[in-house]
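K.L.:
how would this look folded up:
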Amino acid sequence: MKNKLELIYEGKAKKIFSHEDVEKVIIEFKDDATAFNALKKAQFKGKGELNCLITSKIFEFLHKNGIPTHFIGLRNNNSIIAQKIKIIPLEVVLRNRAYGSICKQTTLIPGSLLKEPLIDLYFKNDELNDPLLTKNRIRLLDIISIEDLELIEKITLSINKLLKDFFLKINLDLVDFKLEFGKNKQGQIVLADEFSPDNCRLWDLNTIDVKMRSLDKDRFRNDLGGLIEAYTEINNRIVNFFSSQ
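P.N.:
Model prediction:
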């Protein structure tokens, strides 16, 4: 008889369970949707499964292209098996276009293409509403060494290059995305968490209507509707691309 899975942690969009192998965990994707630091909440049947399938395909793609990740394999359509890691309390946001919070904090025009990719670093802390950090503050708080931070930034730029090119092949513009990293048992920094329409902005290059081009969580944030349809479209394009290779 198999041991019952122990719930280790539950976040806004995922649950993390123990695995029979103590060096692994099971990550289950939930149907919950949250926005504005969980001030806005809803559930969408099938969202967890779509995010799980998209994440597994993207992580497999990144792994094949030399990006270290915590991903081991798909357990079922709603959960993955991953390395047990210690999460680094940073949210790493890369922006190719100006959109969202950066437009409220600067004079940048929403949708404008940036001269070069911009990396913003946020303190992963719900009580403080994930504040924007400087490298000096990261050093002051002793969150991570500057050498490790430089490695994370280098990996993030590599991920951006790989995914920007990939998404263009399926007529999607990668506007921005948020990543999390951790250290595995060997002390190696690896990409963690997920890569799905929940933590990136993807604009449909097939759509002329600017308001409806979002195929990501902005459909929930901005009450545009069709969130499941948008996530399904992304998953279908990814699946069709890889099946044609």
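K.L.:
just give me the residue closest to the centre of the chain.
P.N.:
The residue lying closest to the centre of the chain (C-alpha atoms, centre = their mean) is Phe195, at 3.5 Å.
K.L.:
could you find the closest non-adjacent residue to Arg221?
P.N.:
The shortest distance from Arg221 to any residue that is not its chain neighbour, by C-beta to C-beta, 6 or more residues apart in numbering, is 4.5 Å, and that residue is Ala35. C-beta coordinates here come from the backbone N, C-alpha and C atoms, glycine included.
K.L.:
quick one, strands of the chain?
P.N.:
7-10, 14-18, 24-29, 32-35, 40-43, 71-76, 79-83, 86-87, 90-97, 113-123, 132-133, 172-183, 189-192, 200-204 (DSSP state E).
K.L.:
for the residue nearest to the centre of the chain, what are its contacts?
P.N.:
Phe195 makes contact with Ile54, Thr55, Ile58, Phe59, Leu62, Leu163, Phe177, Leu179, according to C-beta atoms under 8 Å, 6 or more residues apart in numbering.
K.L.:
in helices, which of the residues you listed fall?
P.N.:
The helices, defined by DSSP state H, take in Ile54, Thr55, Ile58, Phe59, Leu62, Leu163 from the contacts of Phe195.
K.L.:
quick one: which of the residues you listed is nearest Leu114?
P.N.:
Distance to Leu114, by C-beta to C-beta, is smallest for Leu163 among the ones in helices among the contacts of Phe195, at 15.9 Å.
K.L.:
okay, now Glu28: neighbour count?
P.N.:
Here the count is done by other C-beta atoms under 10 Å, and Glu28 has 18 residues near it.
K.L.:
quick one: residues contacting it.
P.N.:
Contact criterion C-beta under 8 Å, 6+ apart gives Lys14, Lys15, Ile16, Phe17, Gly48, Asn78, Ser79 as the residues in contact with Glu28.
K.L.:
quickly note the distance from the second one to Arg137.
P.N.:
In this case it means Lys15. If you measure Lys15 against Arg137 using C-beta to C-beta, to the nearest Å, the figure is 31 Å.
K.L.:
the two - which one has more neighbours?
P.N.:
Between Lys15 and Arg137, Lys15 has the larger neighbour count (other C-beta under 10 Å), namely 17 against 13.
K.L.:
the more buried one contacts Val25, correct?
P.N.:
No: taking contacts as C-beta atoms under 8 Å, Lys15 lies outside contact range of Val25: 10.1 Å.
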